[in-house]
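**Student:** Just need the structure, nothing else, for what follows:
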Amino acid sequence: MKEYNSVKPMPESTLSIEEVVPLNDGQVGLAVLGSPIKHSISPQLHNAAIVELASRLPSFSNWVYHKVEVDAQSLASALPHLAQCGYRGLNLTIPHKVEVFSMIDSIDKEARNIGAVNTLWNNGSEWLGFNSDGYGLERALVNHFNISLSSASILILGAGGAARAAAAQSLSRGCERIWIGNRSSGRLQNMMQALGESFDLDCMVPFEISMIPREILEKESVVIINATSLGLSREDSSPISLKGFPKSAKVYDMIYNPAETPLLKEAKSMGMVCENGLSMLVYQAVRSLEIWTQEKISAEAMFAAARTAL
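**Tutor:** Below is the predicted model of the structure:
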């Protein structure tokens, strides 16, 4: 396998939307928008992959990727401004993934099913919406756990946008069984109702995290996916205890920084196969860049850049 240790992304500065000016002639702009956005390592990932792509296809040597601070009130005006300045591809993070629905006309089926957009492409006349989160999760599970969603039993923790992306991807692949747990039953029911507009939910079982169904603990090789924010802070506890789960269970935590959350630490102590969310971050970024470039993108270059950035 080719090594990418030579790719050493420099720290990326954050632009305010007011600091975004027209790009030089011939340049193609890409960016991630959010608030806050300073912590994002998306520029390092994408710029490393663009360097690798340009080494094969020099026409991409004029592509650049930035991060731009855009609050919720400014998104509607930021989109036409960025298009006018030469930006053609955008990633969206908090708080824009759902709010952007009312601002664009074209949204692909997968993004509609998930109920969120994290990738925008400007075709010269309008912004088109996509979602690469479900793809990123599925590829992470396939590559690191060697499982197929079509035959898997999945336990999803959470009821936010990340959990909905995981559930929609699992439903679209015909998972054998999906349990989804959350602390708030109201938010969970809202998510179930939204998913029910696009999917048959016969295989899905919602529950409150404090009352884990016995059948989950008896299921061999269940895949546990943490889609909550518990684990981001050093003071956080684990969203659930893994005591009672079989050692054959696999644990995927969407959090990648810190690299080891309380949930992953417990999984390791019990001898379970586990993985943090860096792989999902990389694979969803790969998918976004493939949408924009219509070319094969190097995940290896992105992984090398991510490890350096972290």
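**Student:** Going by C-alpha atoms from here, please, whenever you check contacts or count neighbours.
**Tutor:** Fine.
**Student:** separation between the residue positioned nearest the centre of the chain and residue 216?
**Tutor:** When C-alpha atoms, centre = their mean is applied to the chain, the residue found nearest the centroid is residue 133 (3.8 Å). Residue 133 sits 25 Å away from residue 216, going by C-alpha to C-alpha, to the nearest Å.
**Student:** thinking again about what came up before, so which strand or helix has the closest residue in space to the residue nearest to the centre of the chain that isn't next to it in sequence?
**Tutor:** Spatial nearest neighbour of residue 133, excluding adjacent residues (C-alpha to C-alpha, 6 or more residues apart in numbering): residue 284 at 5.4 Å. Assigned by DSSP states H and E, residue 284 falls within helix 278-293.
**Student:** What are the buried residues along that helix?
**Tutor:** If you call a residue buried by 16 or more other C-alpha atoms under 10 Å, then helix 278-293 has these buried ones: 278-289, 291-292.
**Student:** For burial, what's the neighbour tally of residue 28?
**Tutor:** Residue 28 has 18 neighbouring residues, counting by other C-alpha atoms under 10 Å.
**Student:** one step back: contacts only, for the residue nearest to residue 133.
**Tutor:** 132-137 (C-alpha atoms under 8 Å, 6 or more residues apart in numbering).
**Student:** Farthest pair within those?
**Tutor:** Largest separation among the contacts of residue 284 by C-alpha to C-alpha: 132 and 137, giving 8.7 Å.
**Student:** need the contact list for residue 67.
**Tutor:** Going by C-alpha under 8 Å, 6+ apart, residue 67 touches 12-15, 31-33, 37-38, 40, 42-43.
**Student:** Quick check: it vs residue 43, distance?
**Tutor:** Residue 67 sits at a distance of 7 Å from residue 43 (criterion: C-alpha to C-alpha).
**Student:** Can you pull the residues that touch both of those two?
**Tutor:** 12, 31-32.
**Student:** For stretch 84-92, buried residues please.
**Tutor:** Buried-residue list, stretch 84-92, by 16+ other C-alpha under 10 Å: 86-92.
**Student:** Check stretch 69-84 too.
**Tutor:** For stretch 69-84, burial by neighbour count (16+ other C-alpha under 10 Å) applies to 69-71, 75-76, 78-79, 81-83.
**Student:** Check stretch 223-239 too.
**Tutor:** Those would be 223-232, 238-239, for stretch 223-239 by 16+ other C-alpha under 10 Å.
**Student:** From those residues, pick the one nearest residue 300.
**Tutor:** residue 225 (23.7 Å).
**Student:** Report the next helix or strand after the helix or strand where the closest one lies in sequence order.
**Tutor:** Counting by DSSP H and E, the element that carries residue 225 is strand 223-226. Later in the chain than strand 223-226, the nearest helix or strand by DSSP H and E is strand 250-253.
**Student:** Show me what that next one is packed against.
**Tutor:** For strand 250-253, the elements it packs on are strand 223-226, helix 262-269, strand 273-275, judged by 3 or more C-alpha pairs under 8 Å, 6 or more residues apart in numbering; DSSP states H and E.
**Student:** Return the alpha-carbon coordinates of the longest one using PDB.
**Tutor:** The one in question is helix 262-269. Only the C-alpha atoms of helix 262-269 are listed here, as PDB (Å, rounded to 0.1, in the frame of the first residue of the first chain):
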ATOM      1  CA  PRO A 262     -15.600   5.800  28.200                       C
ATOM      2  CA  LEU A 263     -17.700   3.400  26.000                       C
ATOM      3  CA  LEU A 264     -14.600   2.300  24.000                       C
ATOM      4  CA  LYS A 265     -12.500   2.000  27.100                       C
ATOM      5  CA  GLU A 266     -15.100  -0.400  28.600                       C
ATOM      6  CA  ALA A 267     -15.400  -2.300  25.300                       C
ATOM      7  CA  LYS A 268     -11.600  -2.800  25.200                       C
ATOM      8  CA  SER A 269     -11.500  -4.000  28.900                       C
END
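**Student:** All further residue positions should be reported with the first residue as 780.
**Tutor:** Renumbered: residue one is now 780, and that last one reads helix 1041-1048.
**Student:** Which neighbouring elements make contact with that helix?
**Tutor:** In terms of contacts (3+ C-alpha pairs under 8 Å, 6+ apart), helix 1041-1048 is packed against strand 1029-1032, strand 1052-1054.
**Student:** mind giving me the domain split of this protein?
**Tutor:** Domain assignment for the chain, taken from automatic domain parsing, gives 793-910+1059-1088, 913-1056.
**Student:** As JSON lines, the ones you listed with mean pLDDT would be great.
**Tutor:** Shown next, in JSON lines, are the domains of the chain (pLDDT from 0 to 100):
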{"stretch": "domain 793-910+1059-1088", "mean pLDDT": "95"}
{"stretch": "domain 913-1056", "mean pLDDT": "94"}
